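Sequence plus the predicted model coming up.
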Amino acid sequence: MKKLMLFYLLFVLSLLLSAQDFSKGARIHNGQFQLIVELGISLDEQNDFVQQYDLDSLMAAKLFRQNFRYINDSTDWKVSLISPDKVLLTKALSAQSQAEPDLSAIILSEIFAQESPFPVPADLTANYGINRLLDAYAFQQYQNESCFFLRGHKKANKVVLAGSFNNWNTMQNTMQKTDSGWVSCMPLSPGKHTYKYIIDGRWHEDPANQQTENNEHGTVNSVVFVYNYNFELTGFHEAAKVYLAGSFNSWNPEELRMQKTESGWQIPMFLRKGTYSYKFIVDGSWILDPDNPDQLADSRGNTNSVLSFGNKMQFILPGYKDAKKVVLSGSFNNWNPDEIQLERTPYGWETTYAMAPGLHEYKYVVDGQWLHDPANPYTTGEPPYLNSLIAIDPNHIFVLEGNSDAIEVLVSGSFNGWRKDGYRMQRRNNSWIFPIHLQPGRYTYKFVIDGEWITDPDNPYYEKNEFDTDNSVLWIEQE
């Protein structure tokens, strides 16, 4: 116990006194010592790191050479990959140290706060969003920059902004002190962003932001949206209330209240690329957009205004000349069987539809009969229940070399809930490929060759799973 106490006290002092900061976070949590390690440091820094944290020299050599299997199999430390240049080292404390109060653990908890500084996976995909701020200055957009403002805390020594936009880095965005609070500005892409403030080492959600979401630590993150679209309704100056409702918010009639302007009404918001039906609700009456000639009928026979922007894809179904009605239906329109009707051509049927970046499933409905796209080799599901797959703006291609004798090769992972029917890959020369669009983050996956699950033989990054086998690891960086 004394040796353990001495180790942690020396560890704390080294953190407080050392000019070098090799780790992005360290703490004692749930009976474990956890440490994030940067792999891209120089040889001299590696040696200093080994001495600072009292690591076995052989283990350290394997660590920086990224031989993680040796560490996981041969030492008390366990390695989890966070990014291509960053790992999490975890080591269980002894039973004795967990049973007795440890002064060093108390000191560590005070220094590194009570919440993890490690990256937290988050779903940053959103079809739409508006901000709900108690203080209009808490988050503002100025041309190409977005500014976060934390009012008060004048006695704080240091405030850091951490969030999804900087991979929850606890040191990158130190805020500037002003006469009324703290501010930090940066360019942010349109969309959803989650964040927190670190005030003198302690994590806080934004007190001026009503919009939050739960995280895996049992606390909440604040949520903001960077806008890219403005709905406008001219006239109706005598109206008391005007709302916007559409397919993007499941036609909720009381969520998106519009603001009165000199020319009528408006509501700025984030809207993901795609195709949406919508209407305005003026004092309880639903109306079409008088300034938008584009309209579309829904499954109930109602006519709605339609907005399309983003990637326009052409869908073509050859043949079926005797068909009376052909419809495109998919995950992008909640599998509506009537909304997107194809037009007859001399060669078959076709339509153009704007879609958001991502991986989408779809089918054609020919006179009530559902069928997958015969011209698209990418599918998911089991026959006869196949859905076609299309990747809009793919940012990664899964490739498996060889296996030319295989009948079927799938890829499955955390991005699709580890579906057993996976995503069906296409044979290209001596390879199997599958293009996909993934949100920034960390994913695990495997290939399935005629029913046999294997890791990616060309990917050096892997980790143990709950079945005591390996999963390949993939990172998609923020663009």
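Nice, I can see it. Numbers count the residues shown, from 1 in each chain.

so what's Arg424 bridging to?
Beta-bridge partners of Arg424, counted by DSSP bridges, are Leu410.

correct me, but it touches Pro383?
No. The criterion here is C-beta atoms under 8 Å, and Arg424 misses it with Pro383 at 10.6 Å. Placement of C-beta: from N, CA and C, glycine included.

Show me which of those two is the more surrounded one.
Arg424 (20 against 8; other C-beta atoms under 10 Å).

contacting residues for that one?
Contacts for Arg424 (C-beta atoms under 8 Å, 6 or more residues apart in numbering) come out as Pro377, Tyr378, Thr379, Thr380, Leu389, Glu408, Val409, Leu410, Phe434.

For the first one, grab the count of nearby residues.
Other residues near Pro377 number 15, with proximity taken as other C-beta under 10 Å.

and the gap between it and Lys192?
33 Å (C-beta to C-beta, to the nearest Å).

just Asn416 next, same as before
Asn416 is 21 Å from Lys192, by C-beta to C-beta.

Show me which of the two is the more surrounded one.
Counting neighbours by other C-beta under 10 Å for Asn416 and for Lys192 shows that Lys192 has the greater number, 21 against 16.

Check which helix or strand that one maps to.
Secondary structure assignment for Lys192, by DSSP states H and E: strand 191-199.

other SSEs contacting the helix or strand following that strand?
Using DSSP H and E, the helix or strand that follows strand 191-199 in sequence is strand 202-204. Judged by 3 or more C-beta pairs under 8 Å, 6 or more residues apart in numbering; DSSP states H and E, strand 202-204 is in contact with strand 191-199.

Let me know the average pLDDT across the strand it packs on.
When pLDDT is averaged over strand 191-199, the result is 93.

likewise stretch 325-345?
Averaging pLDDT along stretch 325-345 yields 89.

May I have the distance across stretch 340-359, first residue to last?
Using C-alpha to C-alpha, to the nearest Å, one end of stretch 340-359 lies 19 Å from the other.

for the protein, which spans come out with low pLDDT?
The chain contains residues with pLDDT under 70 at 1-32, 50-55, 57, 69-70, 72-74, 82-84, 93-124, 299, 478-479.

Of the contacts of Arg424, just the buried ones, PyMOL syntax please.
If you want just the buried ones from the contacts of Arg424 in PyMOL, going by 16 or more other C-beta atoms under 10 Å, the selection is:
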select buried, resi 378+379+380+389+409+410+434
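
Measure how buried Val220 is and give me the count.
A count of nearby residues for Val220, using other C-beta under 10 Å, gives 14.

Which strand residues bridge it?
Bridge pairing for Val220 - DSSP bridges - gives Asn214.

residues touching it, list them.
Going by C-beta under 8 Å, 6+ apart, Val220 touches Glu205, Thr212, Glu213, Asn214.

isn't the second one right up against Glu205?
Looking back up the chat, that one is Thr212. Yes. Between Thr212 and Glu205 there is a contact at 6.0 Å, judged by C-beta under 8 Å.

so what sits against both of those two?
Contact criterion C-beta under 8 Å, 6+ apart; residues shared by Thr212 and Glu205: Val220, Asn221, Ser222.

Now do the contacts for the residue nearest to the last one when sequence neighbours are not counted.
Distances taken as C-beta to C-beta, 6 or more residues apart in numbering place Asp206 nearest to Ser222, at 4.0 Å, with adjacent residues excluded. Taking C-beta under 8 Å, 6+ apart as the criterion, Asp206 is in contact with Ala138, Phe139, Phe148, Leu150, Tyr195, Lys196, Tyr197, Ser222.

go again using 10 Å as the cut-off
Neighbour list for Asp206: 133-135, 138-139, 148-151, 161, 195-197, 212, 221-224 [criterion: C-beta atoms under 10 Å, 6 or more residues apart in numbering].

of those residues, buried ones?
With neighbours counted by 16+ other C-beta under 10 Å, the contacts of Asp206 contain buried members at 133, 138-139, 148-151, 161, 195-197, 212, 221-224.

show me where the chain has helices.
All helices of the chain, identified by DSSP state H, fall at 2-17, 43-53, 57-64, 68-74, 95-99, 103-111.

just checking, Tyr443 touches Gly413?
Yes. Here Tyr443 reaches Gly413: they are 5.6 Å apart, a contact under C-beta atoms under 10 Å.

Spit out the residues that contact the two alike.
Residues within reach of Tyr443 and of Gly413 at once, by C-beta under 10 Å, 6+ apart, are Ile436, Asn471, Ser472, Val473, Leu474.

Show me the two of the residues you listed that sit farthest apart.
Pairwise distances across the shared contacts of Tyr443 and Gly413 (C-beta to C-beta) peak at 16.6 Å, for the pair Ile436 and Asn471.

what about the residue nearest to Val223 when sequence neighbours are not counted, neighbour count?
Sequence neighbours aside, Gln211 is the residue nearest to Val223 in space, at 4.5 Å (criterion: C-beta to C-beta, 6+ apart). For Gln211, the neighbour count with other C-beta under 10 Å is 19.
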